[in-house]
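J.: this one's sequence-less:
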């Protein structure tokens with residue numbers, strides 16, 4: 001069991017925020033299988049989100065599915081805690097946006113992004129992993145959010161302030177490793193947990209994640225440390241948890257191919273025999289799940305956008321199944337809901 005601030009998670013396996021994937025429809029699929037201790041939104045730019053609302057008077061699309069605090073908490077929100085990941089390099093908009101999230105939405109965690117390696121975020125916006133070069137600035141940003149969230153939590157009558165967490169990498173590059181100073185700065189700022197991806201920003205997703213350095217972070221700070229990187233199977237997730245002394249394991253892209261990976265990991269950790277814990281759903285079940293996923297996207301998006309989004313997810317469902325390549329080639333060409341459904345029924349791999 002993993003505790004982050006006052007929040008107790010049912011399992012130590014967390015869903016990674018992934019741009020373009022971690023939307024409400026995807027979280028519902030993960031919820032269906034269970035085993036995930038914390039769900040996450042896609043990351044949101046604080047200034048951009050605030051400006052969008054001022055200009056358009058509209059809900060940020062990435063918050064679709066998050067219960068409003070003015071309404072009763074939904075069953076979905078109550079079952080598995082929800083985390084919103086935000087990013088910026090200025091304290092004021094980060095503090096304002098985080099407070100707004102606490103006051104207006106039923107969320108359980110505010111997560112700060114210091115780990116995104118994308119060029120537009122790092123080199124153009126000087127955010128995400130760029131800030132790993134400046135642990136003092138990370139401290140100032142995190143402290144501003146912690147204080148803002150504490151005050152906002154009090155204003156809506158919460159008994160305990162919502163925990164603020166942070167996700168980071170080892171440094172901007174191999175010759176500028178700052179993970180020790182960065183993690184200690186975040187702890188000193190008052191964050192409740194730190195997730196460490198065991199790569200530098202320059203590595204992006206190449207090479208191998210360095211779990212020894214993640215374990216080193218765990219030895220340096222007292223707050224929970226969640227490891228991230230290269231966890232592709234449920235046995236690997238459990239192995240990482242037990243071998244490197246981390247408090248939790250975050251799983252990202254592997255869950256796109258196998259959204260049941262969290263359930264498998266939780267079962268293995270609970271002592272379920274591997275032959276039972278690692279059973280895969282049938283191809284027929286996966287096809288039904290894919291279509292269910294698509295219908296959920298249609299609830300939140302215009303048809304063209306829903307199809308475009310589903311073209312990214314759909315090939316993941318066929319990984320490891322017969323004739324998956326043929327399905328992938330056909331499904332990425334679809335442009336309407338009718339065409340998408342037809343291709344799934346005609347080309348989705350069978351056993």
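T.: Nice, I can see it. Keep in mind it's a predicted model, so treat the numbers as computed, not measured.

J.: Low-confidence ranges, the chain, go.
T.: For the chain, the stretches flagged by pLDDT under 70 are 57-61, 71-78, 351.

J.: care to break it down by domain?
T.: For the chain, the domain assignment from automatic domain parsing gives the residue ranges 2-277, 283-347.

J.: what's the most buried one of the ones you listed?
T.: Comparing those by mean neighbour count (mean count of other CB atoms under 10 Å), domain 2-277 ranks first with a mean of 19. Backbone N, C-alpha and C define where each C-beta goes, glycine included.

J.: just checking, what packs against the helix of greatest length in the chain?
T.: The longest helix of the chain (DSSP state H) is helix 135-155. Other elements packing on helix 135-155 under the criterion 3 or more CB pairs under 8 Å, 6 or more residues apart in numbering; DSSP states H and E are helix 91-104, strand 109-114, strand 164-168, helix 179-189.

J.: Now do it against helix 179-189, angle only.
T.: Here helix 135-155 runs at an angle of 30 degrees relative to helix 179-189 (axes from the mean of the first three to the mean of the last three CA atoms, to 10 degrees).

J.: got the contact list for helix 135-155?
T.: By CB atoms under 8 Å, 6 or more residues apart in numbering, the residues outside helix 135-155 that reach it are 88-92, 94-96, 98-100, 102-103, 110, 112, 114, 131-132, 160-162, 164, 166, 178, 181-182, 184-186, 188-191.

J.: Residue 43 touches residue 97, doesn't it?
T.: No. Residue 43 lies out of contact with residue 97 (CB atoms under 8 Å); the separation is 11.8 Å.

J.: Find residues that contact each of those two.
T.: Residues touching both residue 43 and residue 97 (CB under 8 Å, 6+ apart) are residue 86.

J.: Residue 307: which of the helices and strands packed on helix 135-155 is closest?
T.: Residue 307 sits nearest to strand 109-114 of all the helices and strands packed on helix 135-155, at 28.5 Å, using CB to CB.

J.: Relative to that closest one, what are the paired strands and their orientations?
T.: Using DSSP bridges, strand 109-114 pairs in its sheet with strand 82-87 (parallel), strand 164-168 (parallel).

J.: do you know which of those lies nearest residue 326?
T.: In terms of CB to CB, the element of the strands paired with strand 109-114 nearest to residue 326 is strand 82-87, at 36.0 Å.

J.: what's the angle between that closest one and helix 91-104?
T.: 160 degrees.

J.: Show me the contact partners of strand 82-87.
T.: By CB under 8 Å, 6+ apart, strand 82-87 touches 17, 27, 38-46, 49, 63, 66, 94, 97-98, 101, 105-113, 116, 121, 127-128, 165, 167.

J.: Recalculate using a threshold of 6 Å.
T.: 17, 38-41, 43-46, 97, 101, 107-109, 111, 113, 127-128 (CB atoms under 6 Å, 6 or more residues apart in numbering).
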